[in-house]
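Visitor: A structural model of the following input is requested.
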Amino acid sequence: MKGIFITGTDTNVGKTYIASKIAAELNSRNINVVPRKPVESGCQLVKGQLIPNDAVNLQQAAHSAEPIRKICPYRFREAISPAQAARLNNQSISLQQLSEACTDNINKDAFLLVEGAGGIYSPICDEGLNADLAKKLELPVLLIAENRTGCINQVLLSLQAIQHNKLNIKAIVLNHMVHCTGLSCHYNELSRYTQIPIFEFDTNQTSIKKLTDFIID
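Guide: Predicted coordinates:
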C-alpha cells in the first residue's frame, strides 16, 4: 500500500497544515487519498460531541466521504499526549488498535495519509510512541519542522530517532509558519548535516506540487 506517515519535531509545527495541503493536491490529481488521524487529543466539546479539528481538516482537504469517526476513532478533550489522555479517561489504546484504525478495509490502490500526534517520540498509546506506529504501518515518514531558530537541533534529534527505529524517512519539511527573513539559512545549514531531501514549504502552490510529486514518486 502506498502512503506516508506525517510526524513532527514537536507539537504545533504545522503537521495538519502540510498534511491537508498534500491531501488536497492528491485529490486534485484524482488519487484516492485516505486520510487518517487515528487518535487526537485536545478536541473541542461541541453539543456533547468531541470534535477532532485536525481530523476534520484532513477530511475536508481530501474531500473524503468517510465519517469522522472512521478517520479519527479515538478522541480526547485534554490537550496532552494521547497516551496520558486515555489513562485520564480510564481507557486503553493499543498499537494494534491504532494500526487497524488506519488500515482496515483500505483499497490496495489507495494512498494512505496518516498524521501522528505530536513529535516522533510522543507517546501515542499505552505501549508505544509515534515511531512505533509508523513502524507497524510500514509507511515512509515525512518529518515536519517549524522553520525557526532551534529547528536544526530539533530536526537532527528527530532524524536520530527515526533512523534508530529503522524507519524510511522520505523527506524533511521546513514549514514557514510566520513571515520571517533569513529562514533559508536553516535550509543551508541543515543540508550540511544530512543527505535527506529538504523542502522549504510556504503557501506557494509550487511548493505543494513539488512536495507531492516527491512523495508519490
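Visitor: Show me where the chain has its helices.
Guide: 15-28, 53-62, 68-71, 82-88, 95-103, 130-137, 151-164, 184-190, 205-216 (DSSP state H).
Visitor: any low-confidence regions in this structure?
Guide: Scanning the chain for pLDDT under 70 picks out 177-184, 203-205.
Visitor: longest strand in it, by residue count?
Guide: Longest strand in the chain, counting residues (DSSP state E): strand 111-119.
Visitor: Quick check on the residue lying farthest from the centre of the chain: phi, psi?
Guide: Most distant residue from the mean C-alpha position of the chain: Lys47, 27.8 Å away (C-alpha atoms, centre = their mean). Per-residue torsions, Lys47: phi 50, psi 40 (degrees, to the nearest 10).
Visitor: In TSV, list the helices of the chain along with mean neighbour count and distance to Phe199.
Guide: (Glycine included, C-beta is placed from N, CA and C.) Output for the helices of the chain, formatted as TSV (neighbours: other C-beta atoms under 10 Å; distance: least, C-beta to C-beta, whole Å):
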stretch	mean neighbour count	distance to Phe199
helix 15-28	21	9
helix 53-62	21	18
helix 68-71	18	25
helix 82-88	20	27
helix 95-103	19	24
helix 130-137	22	19
helix 151-164	17	12
helix 184-190	14	9
helix 205-216	15	5
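Visitor: got TSV for those helices, with distance to Phe5 too?
Guide: What follows is the helices of the chain, written out as TSV (distance: least, C-beta to C-beta, whole Å):
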stretch	distance to Phe5
helix 15-28	10
helix 53-62	13
helix 68-71	15
helix 82-88	15
helix 95-103	9
helix 130-137	4
helix 151-164	10
helix 184-190	21
helix 205-216	11
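Visitor: closest to Leu113 out of the ones you listed?
Guide: helix 15-28 (5.7 Å; C-beta to C-beta).
Visitor: got the angle for the closest one vs strand 111-119?
Guide: 170 degrees (axes from the mean of the first three to the mean of the last three C-alpha atoms, to 10 degrees).
Visitor: Check which helices and strands helix 15-28 sits against.
Guide: Applying 3 or more C-beta pairs under 8 Å, 6 or more residues apart in numbering; DSSP states H and E, one finds that helix 15-28 contacts strand 2-8, strand 33-36, helix 53-62, strand 111-119, strand 141-146, strand 169-175, helix 205-216.
Visitor: Tabulate those in TSV, adding columns for distance to Leu157.
Guide: Shown next, in TSV, are the helices and strands packed on helix 15-28 (distance: least, C-beta to C-beta, whole Å):
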stretch	distance to Leu157
strand 2-8	12
strand 33-36	26
helix 53-62	23
strand 111-119	9
strand 141-146	11
strand 169-175	12
helix 205-216	23
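Visitor: The ones you listed: which one's closest to Ala83?
Guide: Proximity to Ala83 (C-beta to C-beta) singles out strand 111-119 among the helices and strands packed on helix 15-28, at 9.2 Å.
Visitor: I'm done for today, thanks for sticking with me.
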